[in-house]
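> Just a sequence and a predicted model for now, questions to come.
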Amino acid sequence: MALFLNTQRLNQFIPELIKSSEDELVLIVPYVQISKNIFKALQVANKNGVQIILIYRENKLNDREKSKLLSLDNVSLLHHPHIHSKCYFNGDLLIISSMNLYEYSELNNREMGSLFVHQELGDSLGLYTLSDHDIEVDSSDFFKNAKREMAAIVSSASVEHISTYYRESKFDVTILMSVNEQCQALCDRLSRHFLNKKFIPVHFYGDVYNPTCLNYYDRIEVSWEDRRWVLNIKEPYSTLNELFGEWKQTYEEYEFSGFKYYWNSIKEPIYLYADWNHNMWEGDLEPSEKILQWKTGIDQIIAKYRSISKR
C-alpha cells in the first residue's frame, strides 16, 4: 500500500530516495531548478557510484542548471518534448507526485504524491527514516507497468549528455528492465568476472529469477539470492550427512575473512554473506571489485568442501 506524501514529506522522501540509491536513479520531471537540498542528495548518490538519469522537458534546462548537473561524473541528461509526469525511481522506491525538481515548488507550492515500495525495506538500504513507517510492498504488476512506461520515455527521449559509464557500455538502465532481463544482465556481468563459470537465469517462484551457475564445481550449484550467495551441494543423503558432520567440527560463522556464512542442516543450502564490518568492504568499491571479492568467499567454501570430501 502506498504512503501518501504532502509537500513536507516530499521534501523529506525525495532526497532520501536519491541518497539511498544503490546502482541507478531515474528522475523524470519537466522543469529543473535544483535546490541545495536536492543537489546535496545527488552529490551523495554520485559519490556512491550511482548512475543518475535525468529526463526533462525539451528546452527547459538552462545553462546554469545544466552546468551544475554536469559537475556530477555519473549524470546522464535526456530531454523529451512531451514530458509532464514527475517521478523518482531508484529500483526499490518510486515516488509519483506533482512536484518538479524545482526549488520554488519545494518552498511555496501545495504538492501531493505517493511513495511505492518494490521490495521489503531493510537496514541494508540505509532507509532509517522510511523503515519506521508501515509501508506494504506494492504488486509486481504495478511496478512492471510503471517500469515499462519509464523505459518507453527513456527510449523515446533525445540525448543531451551521457555519462562515461554508459558511453563505455550499453546504455541499458537496469532498474527499468523486466525481472528476467535484469537477471540476464546480472548473469552476463557475473559470467564475465567469474570467467569459466557461466550463470543463467533460473526461475525461483512468481516473478523471481536468480542468477545461477548450475555446476560451479562438481555437484555444487551456486546462485545469487537477495544480497547473499546460496551454495547447494548435490550429494546423496548419506554422503551429505557424513560431510555435514565433519564440516561442523571446524565450523565458525566468521572463519572466512571478510565473510560470514551459515550451514544449519543438511536440508538447507550454505548461505554466504558479506561481513560488512570487515575492512575488505571499505571504500568506494567498483561493482567489478565487489564481484571478485564475493568470488574469493565462494572459492574458500569450495576449498573446504574439497578438503573434507577429498573430491
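Thanks, I have the structure now.
> right, and the secondary structure at the nearest residue to residue 2 once chain neighbours are set aside would be what?
In this structure, residue 2 finds its nearest non-sequential neighbour in residue 114, 4.1 Å apart by Cβ to Cβ, 6 or more residues apart in numbering. Quick note: C-beta positions are derived from backbone N, CA and C, even for glycine. Following DSSP: H, G, I helix; E, B strand; the rest coil, the label given to residue 114 is strand.
> Numbering from 22 from now on, please.
With the count now opening at 22, the last piece we talked about shows up as residue 135.
> Using the record, which stretches count as separate domains in this protein?
24-197, 200-330 (automatic domain parsing).
> residues contacting residue 327?
residue 238 (Cβ atoms under 8 Å, 6 or more residues apart in numbering).
> What lies in contact with the strand with the most length in the chain?
The longest strand of the chain (DSSP state E) is strand 229-238. Residues outside strand 229-238 that contact it (Cβ under 8 Å, 6+ apart) are 200-201, 203-204, 207-208, 211, 215, 218-225, 242-246, 251-252, 319, 323, 326-327.
> Give me the buried subset of these.
Neighbour counting with 16 or more other Cβ atoms under 10 Å marks 200, 203-204, 207-208, 211, 215, 220, 222-223, 242-245, 251-252, 319, 326 as buried within the contacts of strand 229-238.
> on that earlier part again, and the longest strand of the chain, how far from the chain's centre?
Centre-to-centre, strand 229-238 and its host chain are 19 Å apart (Cα atoms, centre = their mean, to the nearest Å).
> Dump it to PDB, keeping only the CA atoms.
Output of strand 229-238 as PDB, limited to C-alpha atoms (Å, rounded to 0.1, in the frame of the first residue of the first chain):
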ATOM      1  CA  VAL A 229      11.700 -14.100  -9.100                       C
ATOM      2  CA  TYR A 230      14.700 -15.300 -11.100                       C
ATOM      3  CA  ASN A 231      18.100 -16.000  -9.600                       C
ATOM      4  CA  PRO A 232      21.500 -15.900 -11.400                       C
ATOM      5  CA  THR A 233      22.700 -19.500 -11.100                       C
ATOM      6  CA  CYS A 234      25.800 -21.400 -12.000                       C
ATOM      7  CA  LEU A 235      24.500 -25.000 -12.200                       C
ATOM      8  CA  ASN A 236      27.900 -26.600 -12.000                       C
ATOM      9  CA  TYR A 237      30.200 -24.200 -10.200                       C
ATOM     10  CA  TYR A 238      32.100 -27.300  -9.100                       C
END
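> Now, the buried ones among the contacts of strand 229-238 that are in helices?
200, 203-204, 207-208, 211, 215, 319, 326 (DSSP state H).
> in the helix or strand hosting residue 127, what counts as buried?
Assigned by DSSP states H and E, residue 127 belongs to helix 124-129. The neighbour-count criterion (16+ other Cβ under 10 Å) identifies 124, 126-127 as the buried residues of helix 124-129.
> Pull the residues that contact whatever helix or strand residue 188 lives in.
For residue 188, the host element (DSSP H and E) is helix 185-189. For helix 185-189, contacts defined as Cβ under 8 Å, 6+ apart pick out 72, 94-95, 97.
> what about it, distance to the chain center?
Counting by Cα atoms, centre = their mean, helix 185-189 comes out at 18 Å from the chain centroid.
> Ranking helices and strands of the chain by mean pLDDT, which lands last?
helix 124-129 (a mean of 76; mean pLDDT, DSSP states H and E).
> Other residues contacting it?
Contacts for helix 124-129 (Cβ under 8 Å, 6+ apart): 28, 31-32, 54-56, 58-59, 120, 132.
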